[in-house]
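Enquirer: coords below, sequence missing:
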């Protein structure tokens, strides 16, 4: 067979060749802007040519700090198109982390949304490797700024070469992108994506048994482009000629619902919070969503009731997808097998509430206390992954050996596997409570706690125990109006019928809030310290 | 990213892991036999273990000489599963060609359908490399035979190891298969398929924008497994957990129609002759085909009327696919783009009569008389292809340089390309008539001739011409009852309104038959010699 490399430029070339008329629809401060793939190709080539002029070389990192819009999409192809590495920076990191990742990646050029310029005015002097700031703005000129040297994206493009040739000898193993995962402890860790990994991941997205993305779709990635490449959707959509709808900056559920209706979106992807907000908006009953064929949900599991309401009230198939920064991210999708479609509605719903089974191309092992777990939907084990779009290391980081061993990624996610191979995330390994040689899922108890009418949020952690090694303790924030109304005994009575006796928390601690990371995840480590401190003070 | 190789064993492992209960349904002399993928996996591993016991080593070629059935499917995975090379031998070659390909490939072991044993009794002494003959039989014992050493497939399997481990360190560039293409002149030419090529080709088959093969499908490859791996369907179906329906030996349109109905086939693949026969059978009105979502047609173009009857009378989407032995084979598919679905019915039909546009992963160039052709649906040029599942050479054959140049496969097919990138095959380069610096498509004239009520078959060839270099001459076989009724003038008058004047043949020669290859293609070279001889005799 020919030695043809799987590279990102070939994807854009396909869109330019066969899907000239198809569109990228981008929400800017000026309204909805439309660019055909023919225009997008030309703008991308112009950007590539200007990056070269700014001194970007093969292998250099170029950072983006931006929402989901057409210019960010152009950067997705222009940067790998010259053999450079697209570094999508998470705008939700705190400033010290932002400085860290830019310096760790040694970004040579940054492309920044105008709305983030004030942030870079504060930190740009701490970024010694950055040689140019390109501001992606909807306005004809830029405000005065201390950031320097500064370029207006559209002004640069005017000087660009729309016939610029992408690098033709890229080897598929070369890096195309890098994304840092926000560690709950320590500095963010970088994951490098190769051209090959992104390309094969796009094939998985386009499989009928994957996300089934196609030319006929009108796809809206709500998941940010600074988060695992918006799950690879921008790459796959361009390749397949899919119409892209980019929600831009600071969107609301109303804005999303209007875009879905007006642009006849067929598939959208986001995290549970997005879907919860959108669901409430849709339930006003004012939107036509008849064209939607799938909402993909990742990041964490959506509650069963949310899935049910989308499917039953709006006839919108709701699909969990599972993955992480280290996995490009698509690993599983909660698509039912043909013979499972014959099950009863509640059974189907229960399956869809799981994370699904592996998309073609990825392999797994689930390792419990006694080696590989039984596929009984019950035994818990850590999920290990392997595949051509799974990372093999953290970028220049000595924490690599913690997660990558013997050719497998140790995800740190604890799962059960049912007899059909459907996985269900039950916890993070570090949050799992090891009590008397058995495992207790903190997540299961948390989910149950969230079902109590007075509970606003809840987190369950392990505290050391002389006899049982560890025991669960529940930390609960009550809703306004319930404070001092709900007691420890009420909570335990509520949980009691749902769990084996030894799963019940030894203690319930009421708090005003639960400590969180900058991206909104529970900081269980900080919580544990807080609780232990409290016990010591009491003890 | 991890260095995970794209290999065939991983495909079978996926079926064994996630699709244990799904079935391979195989038509044998005993009726319809059913094997779950769990059983298929075990039988495949048994076969692998016995091939190793018979002395097959990594890189060795193992030939198959068989129809489409479960045992052939097992061989498809058992042979590459030990790092050996699956050589699917075309049963329609003549005995001398069969001897040539087996000796050229140096097949070490042959797996042969029992019905072909008499053939091998005649030729086995001319096959010095073959160390074992395994007979795939539905009977408990084999007939007396001079073929030696001979093994009964099922008896071998009884001794096999169902837990045998496939080779785990296969590199994706290693050969997995070889298939010889029947040249119209000279010896057959071998094309080697790598694990990587087959794997990526399977992804293309599974793409929503490719053949859309999925777990939910019940797929019937009518195209023989000895012909370009039955278009890769057996590989992709196992990987995706698709139910496979194997039509076995010597099927008729009635048998196919019954299998489609009874097994609720959703997708089938074959050549135009198959579909024409099936159409006549379906038109008896006795079959339920409501579950069929696609008939894939390749090999050559189906007449417009056939497409129309399938689509309009039976509501069965009929899709042309284009490819060849050298291309694994899938290159294009006549799937309409979303906005083309809005065209009128005749316009859609005209598009579907073309070969379609490139599936993701493949690139093309079309080179006419003045470099790359315009995409105007009119200018003719040779189709050049490039991609990870396109061959780069013929196996140990000095004809490689004729077809592979500058990193491109010169297909020898002459096409036009319309503004949407849809290609239409208009001729073979060697059959194209170059008249006065312009090109005339022999195929276009032949198709027009076939529209004449008295014409049974027709072939148009180039004869040398002093002034115009070449001129077309039509060779026509009339239907019974029309002989001596239809004149040269009748034919030219019939063609006249359909073509420019300079396209009309200079002569029409009536014949009793047109010389054909063993696989039924017109032998234009022999025909040309015959015609020139005739002219010389006349001259």
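Expert: That came through, no problem. Not measured: the values here are computed from a predicted model.
Enquirer: which phi and psi does residue A:479 have?
Expert: Main-chain dihedrals, residue A:479, degrees, to the nearest 10: phi -70, psi 160.
Enquirer: just checking, it touches residue A:454?
Expert: Yes. Using Cβ atoms under 8 Å, residue A:479 is in contact with residue A:454, at 5.7 Å. For the C-beta atoms, the positions are set from N, CA and C on the backbone; glycine is no exception.
Enquirer: doesn't residue A:263 make contact with residue A:219?
Expert: No. Here residue A:219 does not reach residue A:263: they are 10.1 Å apart, not a contact under Cβ under 8 Å.
Enquirer: compare these two (neighbour count), which wins?
Expert: With neighbours defined as other Cβ atoms under 10 Å in any protein chain shown, residue A:219 and residue A:263 compare such that residue A:219 has more, 26 against 19.
Enquirer: in three-state terms, label that one for me.
Expert: Following DSSP: H, G, I helix; E, B strand; the rest coil, residue A:219 is assigned to strand.
Enquirer: pLDDT wise, what is it at?
Expert: Per-residue confidence at residue A:219 stands at 98 (pLDDT).
Enquirer: all strands for the stretch 51-200 of chain A, in order.
Expert: Using DSSP state E, counting those that start in this stretch, the strands of the stretch 51-200 of chain A run over A:61-65, A:85-88, A:109-113, A:132-136, A:150-152, A:175-181, A:189-194.
Enquirer: what does the stretch 201-350 of chain A have sitting close to chain B?
Expert: A:203, A:206-209, A:212-216, A:239-241, A:328, A:337-339 (Cβ under 8 Å from any Cβ of the partner chain).
Enquirer: 7 Å instead, please
Expert: Residues of the stretch 201-350 of chain A lying close to chain B by Cβ under 7 Å from any Cβ of the partner chain are A:203, A:206-209, A:212-216, A:239-240, A:337-338.
Enquirer: what of the stretch 351-500 of chain A?
Expert: Contacts of the stretch 351-500 of chain A with chain B, taken as Cβ under 7 Å from any Cβ, map to A:357, A:360, A:386, A:387, A:388, A:389, A:390, A:391, A:392, A:407, A:421.
Enquirer: among those residues, which are in helices?
Expert: Among these, no member falls in helices (DSSP state H).
Enquirer: so who does the residue of the stretch 1-150 of chain A at minimum distance from chain B touch?
Expert: Nearest residue of the stretch 1-150 of chain A to chain B: residue A:1, at 3.9 Å (Cβ to the nearest Cβ). Contacts here follow Cβ atoms under 7 Å, 6 or more residues apart in numbering or on different chains; on that basis residue A:1 touches B:193, B:194, B:196, B:197, B:388, B:389, B:390, B:391, B:392.
Enquirer: ok, the last one - contacts?
Expert: Think residue B:392. Listed by Cβ under 7 Å, 6+ apart, the contact set of residue B:392 reads A:1, A:2, B:404.
Enquirer: present those residues as CSV; the columns should include secondary structure and pLDDT.
Expert: Output for the contacts of residue B:392, formatted as CSV (DSSP: H, G, I helix; E, B strand; the rest coil; pLDDT from 0 to 100):
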residue, secondary structure, pLDDT
A:1, coil, 95
A:2, coil, 97
B:404, strand, 97
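Enquirer: quick check, nearest of those residues to residue A:532?
Expert: residue A:1 (59.6 Å; Cβ to Cβ).
Enquirer: ok so, going back, anything in contact with each of residue A:219 and residue A:263?
Expert: The contact sets of residue A:219 and residue A:263 overlap at residue A:245 (Cβ under 7 Å, 6+ apart).
Enquirer: how many neighbours does residue A:141 have?
Expert: Counted with other Cβ under 10 Å, residues neighbouring residue A:141 total 8.
Enquirer: and the gap between it and residue A:150?
Expert: Computed as Cβ to Cβ, to the nearest Å, the residue A:141 to residue A:150 distance reads 11 Å.
Enquirer: now render the strands of the stretch 51-200 of chain A as CSV, adding mean pLDDT and mean neighbour count.
Expert: Listed next are the strands of the stretch 51-200 of chain A as CSV, based on pLDDT from 0 to 100; neighbours: other Cβ atoms under 10 Å in any protein chain shown:
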stretch, mean pLDDT, mean neighbour count
strand A:61-65, 98, 26
strand A:85-88, 98, 27
strand A:109-113, 98, 25
strand A:132-136, 98, 23
strand A:150-152, 98, 17
strand A:175-181, 97, 24
strand A:189-194, 98, 24
